[in-house]
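[1] Sequence and predicted structure are below.
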Amino acid sequence: MRFNKKGSLELSIQAIVIVVIAFTVLGLGLGFVKSQLGGLQKTASEVQSKIKEQILEDMRVSGKKVSVTSQITLERGNQVIENVGIVNTGLSEKVFGIKINFVKKQNPDGSPADSEASKEEINFFYSDEVGKRLSPTAGDVLPITISAKSGAAGNYLYKVDVYSCPAPALEPGTDCELYDTRSFFVRVA
C-alpha cells in the first residue's frame, strides 16, 4: 500500500485554513453580539432615567407628594418593574421609606376573593427600610419589582404607605410618621 504524502499535506493545510476562517468568523460574530448587547444596556439605562425624570416632573407640576401608577397590568408568572416617586415637600431634610399593603382581590368573574389566600399570589420586591434621604423640594423614585405567581388571576388592590423620618433615621420608629398613602391596582390576566 502506498501513501500519497503530497495529498496528505494539502488536506492538512486545507483543514488549518478552514479552522482559522471559522475562528475568525466566530470572533467577529461574538464581537457583534457583544456590541449589540452593550447598546441595549445603555438604552435601558437611558429609558429608566427618562422615566424617573418624567415622574418627578409630573409630581412637581401636580403638587403631589407621592406618585405611583394607578393600574399595573401583569401576566401570570411574569414580573414588571414599577417606580414610586417621592418629593420632600417639607422644610428640612428627611429620610423616606415605603410599605406596600394588600387590601383586597376581585376574581376575574367579578366576585370577591378570599383575602388570606390572595395575599400570596402577588409578590413585591423592594427595600422596606427607611433610607431614601431627600433635602427640601428634592425628589426621587424607588424601584419595585412586582411578580405574579402562575396561579394568580384577577384584580388586586394595594396601598403604598410612605413614611418620613427626621434625618438620620434608618428604621421606622417612634419618630417616623405617615407621609402619604396612594392606592393602586395590579391586574393579572
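    Looks like it came in fine. Numbers count the residues shown, from 1 in each chain.
[2] what secondary structure does Ile13 sit in?
    Here Ile13 is recorded as helix under DSSP: H, G, I helix; E, B strand; the rest coil.
[3] what pLDDT does the residue sitting nearest the centre point of the chain get?
    Relative to the mean C-alpha position of the chain, the nearest C-alpha, by C-alpha atoms, centre = their mean, is the one of Ile81, at 2.8 Å. With respect to pLDDT, Ile81 scores 88.
[4] what does the helix or strand harbouring Arg133 contact?
    Using DSSP states H and E, the element containing Arg133 is strand 132-134. With contact meaning C-beta atoms under 8 Å, 6 or more residues apart in numbering, strand 132-134 is reached by Ile86, Val87, Asn88, Glu93, Lys94, Val95, Phe96, Gly97, Asp140, Leu142, Ala167, Pro168. The way it works is simple: take the backbone N, C-alpha and C, and place the C-beta from them, glycine included.
[5] With neighbour count and distance to Arg182 as new columns, can those residues be given to me in CSV?
    Listed next are those as CSV, based on neighbours: other C-beta atoms under 10 Å; distance: C-beta to C-beta, whole Å:
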residue, neighbour count, distance to Arg182
Ile86, 29, 10
Val87, 23, 13
Asn88, 22, 16
Glu93, 14, 23
Lys94, 25, 18
Val95, 23, 19
Phe96, 25, 13
Gly97, 24, 15
Asp140, 17, 16
Leu142, 19, 13
Ala167, 12, 23
Pro168, 8, 26
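[6] Let me know the closest of those residues to Ile13.
    Leu142 (63.3 Å; C-beta to C-beta).
[7] ok, now which ones touch that closest one?
    Asn83, Val84, Ile86, Ile98, Tyr126, Ser127, Lys132.
[8] please redo it, this time with the cut-off set to 6 Å
    Val84 (C-beta atoms under 6 Å, 6 or more residues apart in numbering).
[9] and it, what helix or strand is that in?
    strand 139-148.
[10] Check Ile21 too.
    Counting by DSSP H and E, Ile21 is found in helix 5-62.
[11] just checking, what packs against that helix?
    strand 79-87, strand 139-148 (3 or more C-beta pairs under 6 Å, 6 or more residues apart in numbering; DSSP states H and E).
[12] who wins for proximity to Thr73 among the ones you listed?
    strand 79-87 (8.3 Å).
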